[in-house]
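>>> please work out how this folds:
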Amino acid sequence: MPGKHPVILLLFILAGIGAGKEVTIISAGPNAPDTLYLSRNAAALQQVPLDGVATWIASPVPIRDETGALVTTRLASGRLCRLPTGEDGADIGQTIVPYSLGRWRPTHEIPPEHIAPAIADLGAVEFDRFDSNFIHCLLGNGGHAMNWFDDELWRIICHNIGAIARVAKQGGCRGILIDPQAYSYSMWSYPILTETSGRTFTYRRGNKAYYEGRTFAQVEAMVRQRGREFAGAVNAEFADPIVMFFRAAGLAVLQLGDPRWDSIGQTDFGLILPFLDGMLEGSTDET
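Have a look, this model is predicted:
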């Protein structure tokens with residue numbers, strides 16, 4: 001429905017996550033407060049019986065869509081104005097790891113001046129109830145087909161996740177919440193990346209030229225390497241974060257129960273497994 005977004009409550013029953021608590025509950029989703037709104041309304045927001053939120057990094061500059069229309073116009077309170085469609089705005093521009101200025105545009109580094117205000121906003125707030133805040137980021141929302149073998153692209157991606165980790169660390173957050181869902185171009189499906197799936201997509205496609213002559217095993221090995229690099233970039237800024245995913249290995253394994261696929265390598269999320277293996281190899285023991 002226009003103007004309606006789901007509220008996602010995440011419950012963590014893991015030792016050590018909640019500072020002595022057995023259960024930690026945080027709110028996440030497209031309508032979660034970004035860092036600007038959170039900093040201006042922390043006292044009121046903490047009246048809600050939660051342990052924290054997965055906040056977005058607020059953009060300090062106006063963000064426009066491909067048509068040039070503003071998508072981050074704000075009210076005096078810091079809340080985003082409602083869009084002409086009737087939906088509430090969602091300022092996630094500085095929290096997309098493969099950050100670009102629109103679909104089909106190249107991936108860019110998130111500049112330091114675009115995250116500095118978020119660090120300042122979070123640092124200016126004394127959180128009482130909210131002792132388990134996270135920075136929410138999107139990994140699967142790139143503006144073009146994923147090339148796991150492009151060193152420059154992955155240098156930029158690692159720069160960006162490092163910038164996001166810096167906000168989490170310097171802003172006093174517990175860590176990062178990663179959404180790996182492919183909202184635009186697929187990252188995790190070997191058949192889609194190599195355009196051998198037999199399915200037709202308008203934009204969630206791959207680019208077979210990137211993978212000419214490359215076997216699944218070769219792509220899998222490179223994805224694992226990128227996972228190590230990704231984790232290293234996080235730890236370079238934040239030595240002991242909690243890193244969580246909305247969905248990860250479980251989805252790939254679940255897809256094996258679907259008769260359309262007979263191996264992990266054929267599923268839409270199969271390549272997330274070597275990426276996670278690489279992250280485990282590349283991260284600190286405290287992560």
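
>>> now do the same contact list for the residue nearest to Ala42 when sequence neighbours are not counted.
Among residues not flanking Ala42 along the chain, Val125 sits closest, at 4.6 Å (CB to CB, 6 or more residues apart in numbering). Placement of C-beta: from N, CA and C, glycine included. If you count contacts by CB atoms under 8 Å, 6 or more residues apart in numbering, Val125 has them with 38-39, 42.

>>> what do you get for Tyr190?
Contacts of Tyr190 (CB under 8 Å, 6+ apart): 216, 219-220, 265-266, 270-271.

>>> okay, those residues in a markdown table with pLDDT, neighbour count and secondary structure next?
Below are the contacts of Tyr190 laid out as a markdown table (pLDDT from 0 to 100; neighbours: other CB atoms under 10 Å; DSSP: H, G, I helix; E, B strand; the rest coil):
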| residue | pLDDT | neighbour count | secondary structure |
| --- | --- | --- | --- |
| Phe216 | 94 | 17 | helix |
| Val219 | 97 | 21 | helix |
| Glu220 | 97 | 21 | helix |
| Gly265 | 85 | 18 | helix |
| Gln266 | 85 | 18 | helix |
| Gly270 | 92 | 25 | coil |
| Leu271 | 95 | 29 | coil |
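
>>> distance to Pro112 for those residues - can I get that in JSON lines?
Shown next, in JSON lines, are the contacts of Tyr190 (distance: CB to CB, whole Å):
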{"residue": "Phe216", "distance to Pro112": "38"}
{"residue": "Val219", "distance to Pro112": "33"}
{"residue": "Glu220", "distance to Pro112": "34"}
{"residue": "Gly265", "distance to Pro112": "39"}
{"residue": "Gln266", "distance to Pro112": "41"}
{"residue": "Gly270", "distance to Pro112": "36"}
{"residue": "Leu271", "distance to Pro112": "31"}
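
>>> quick check, nearest of these to Ala252?
Nearest to Ala252 out of those is Gly270 (CB to CB; 5.4 Å).
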